[in-house]
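K.L.:
the sequence and its predicted three-dimensional model are supplied below.
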Amino acid sequence: MSQTDTCACAPAAEKALGVGHPLDPLSLREIELATSLLTANQKLGPETRFAMVHLAEPTKAELAAHAGGAALARRAFLLVLDARTGAAHEAVVDLTAGAVSQWARLPNDAAPYGQPPV
């Protein structure tokens, strides 16, 4: 399922993220922004665990356009686990736009069972 919904956290995302290079790892501020945007957008509760949060790297075409002066969106990839139900989701948050661009449930209730690798 793909979404482009924004939340009340979006104004914080509109501020400059202060990134030196497009492939720099996410800063602590960006990680906090990604988790708060996703928590608000998906109405995640206290049982939610963010097992992985890292830069969703831009494509080569996006990097080439950025070298030519085009704006480049910063995106975060998140692996989200629900400690109560065992459900696992993958998400991509566009930090520049302040929006969740992808949210997909991982099929961990059928063989092979278990959590996704972390």
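P.N.:
Great, that's in hand.
K.L.:
which other residues reach the helix or strand harbouring L78?
P.N.:
Using DSSP states H and E, L78 sits within strand 75-82. Under the criterion Cβ atoms under 8 Å, 6 or more residues apart in numbering, residues 26, 30-31, 34-35, 38, 44, 47-56, 58, 87-96, 101, 115-116, 118 lie in contact with strand 75-82. All C-beta atoms are positioned from the backbone trio N, CA, C, and that covers glycine.
K.L.:
show me how far it is from its chain's centre.
P.N.:
6 Å (Cα atoms, centre = their mean, to the nearest Å).
K.L.:
give the buried residues for it.
P.N.:
Residues of strand 75-82 classed as buried: R75, A76, F77, L78, L79, V80, L81 (neighbour count, 16 or more other Cβ atoms under 10 Å).
K.L.:
report the two of those residues separated the most.
P.N.:
Taking Cβ to Cβ as the measure, the buried residues of strand 75-82 span a maximum distance of 20.3 Å, between R75 and L81.
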